[in-house]
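Student: coordinates for the following, if possible.
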Amino acid sequence: MNDLAPLLTPEGRALLDEVRGTAPADELAVATRLRRDHPAELVSAALGQARLRQRAAAKFGDEDAGRMFFTPNGVEQSTRASVATHRAERFRALGVRSVADLCSGIGGDAIALARAGIRVLAVDRDPLTAAAAHANAEALGLAGLIEVREADVTDIDTSPYDAVFVDPARRGGRGRIFDPEAYSPPLSWAVQAAAKAPHAALKIAPGIPHEAIPAEAEAEWISDGGDVKEAVLWFGTEPGAVRATLLPGPRTLLGRGLPDPEVRPVGRYLYEPDGAVIRAHLVAEVAEELAGGLIDETIAYITADEPRPTPYATAYEITDQLPFNVKKLKALLREREVGVLTVKKRGSAVEPEELRRKALPKPHGKATVTVFLTRVAGAPTMLLGQPV
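Tutor: This next block holds a predicted model:
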């Protein structure tokens, strides 16, 4: 698919309605039937778009995804709607009324900004991607707030806008790009673009080294449903601030510059911090909240003697602490009639699926157990427990 125009015609839209929800196993039969009355290329394009819409539903929801237009890269690289909405609300709270959205893709962030009442210039240099963004603004009734421009972002004058948002490409021919200067455009260019606006946000990979974050930026790591989705550098907010934001919510933990927690013996409870908390290096803030410490100076598991509810970590009650030994674990699981085994690891080279296969080749009953493969004070250890 290299042209959306045929799908935007009355015939194309009618075909999209007809193939909506087509299962992969039924595509051949549906295509054969539709090609009797429609051009083969148009039928293929409609079925391809239907597949993309099905994939996009996880990010945009069924209703929006069912009306939007996607490219394969657009589905893969688009911001999840919940994350884009959170960012748009932050912009709105800052008093931003217009944003230059650079590297806008198929328009996911532009849509969220427009729905927050913000006027958007969405810029992308790829013709098909820009066409999809324009079609999406029209499809969702937001064309009055979103101007789409096919251009190189480095040629855009952002001075008329209250804020700049940059989402550089972080994938190349060989997959993910980890060097911020290898982004397209590079992080250094995006920082310069941010400096020209009263407010700015730069979307970056969650794994960015903290030492690569500019001193004038606020860094925010965002997770959704427990999965880390992205990091954002904010300008014009709180220079040097570090925060972890958990969606839905949002719930935000702000760093206070605490020293690393002390290492202590494993207590009755083990807490697994949210990935955004770990990426933001805010485990110490959670440990203080829980009156806990670390099980190992290099492992982001917190242990405590009392249960305390927190949105920033998942709590488990620990029943057993064993040196790593598959035979002992297998015997213990059989003795306790375990039928469901969840394996988590941090600081262990053992693969969870491998341990699950060896320790529980077949269920022994209905009991459930979670096993943590980790290190305790440097020693390979297995901790057994249950979610609280």
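Student: Arg176 against Ala205, yeah?
Tutor: Yes. Contact criterion Cβ atoms under 8 Å: Arg176 and Ala205 qualify, at 7.3 Å. From N, CA and C alone the C-beta is placed, and that goes for glycine too.
Student: tell me, what's touching these two both at once?
Tutor: Taking Cβ atoms under 8 Å, 6 or more residues apart in numbering as the contact definition, Arg176 and Ala205 share the neighbouring residues Arg170.
Student: and the strands in the stretch 101-250 of the chain?
Tutor: Taking DSSP state E, counting those that start in this stretch as the criterion, the stretch 101-250 of the chain contains strands spanning 119-124, 146-150, 163-166, 171-172, 175-176, 199-204, 218-224, 227-235, 242-247.
Student: among these, which is nearest Pro352?
Tutor: Closest approach to Pro352 among these is made by strand 227-235 (16.9 Å; Cβ to Cβ).
Student: partners of the closest one in the sheet?
Tutor: strand 199-204 (antiparallel), strand 218-224 (antiparallel) (DSSP bridges).
Student: pull the helix or strand with minimum mean pLDDT from the protein.
Tutor: Of all helical and strand segments in the chain, the minimum by mean pLDDT, DSSP states H and E falls on strand 171-172, at a mean of 64.
Student: mind checking which of Arg176 and Ala205 has more residues around it?
Tutor: More neighbours surround Ala205 than the other of Arg176 and Ala205, with 16 against 9 (other Cβ atoms under 10 Å).
Student: which residue packs closest to that one, ignoring adjacent ones?
Tutor: With Cβ to Cβ, 6 or more residues apart in numbering as the criterion, Ala205 has its nearest non-adjacent residue at 5.5 Å, and that residue is Arg170.
Student: circling back: confidence-wise, which of the strands of the stretch 101-250 of the chain is weakest overall?
Tutor: Ranked on mean pLDDT, the bottom entry among those is strand 171-172, at a mean of 64.
Student: could you measure from the closest residue to Val148 other than its chain neighbours over to Gly107?
Tutor: Nearest residue to Val148, sequence neighbours excluded (Cβ to Cβ, 6+ apart): His134, at 4.2 Å. Distance, His134 to Gly107, using Cβ to Cβ, to the nearest Å: 8 Å.
Student: what's the overlap in contacts for these two?
Tutor: Common contact partners of His134 and Gly107 (Cβ under 8 Å, 6+ apart): Val148.
Student: those two: which has the busier surroundings?
Tutor: Using other Cβ under 10 Å, the more surrounded residue of His134 and Gly107 is Gly107, with 32 against 22.
Student: find the nearest non-adjacent residue to that one, please.
Tutor: Leaving aside its chain neighbours, Gly107 sits nearest to Ala133 (3.6 Å; criterion: Cβ to Cβ, 6+ apart).
Student: what ranges do the helices span in the stretch 151-300 of the chain?
Tutor: For the stretch 151-300 of the chain, the helices defined by DSSP state H, counting those that start in this stretch occupy 187-195, 275-279, 283-290.
Student: which of those is buried the deepest?
Tutor: Burial of the helices of the stretch 151-300 of the chain is given as mean neighbour count (mean count of other Cβ atoms under 10 Å); helix 275-279 ranks first at a mean of 24.
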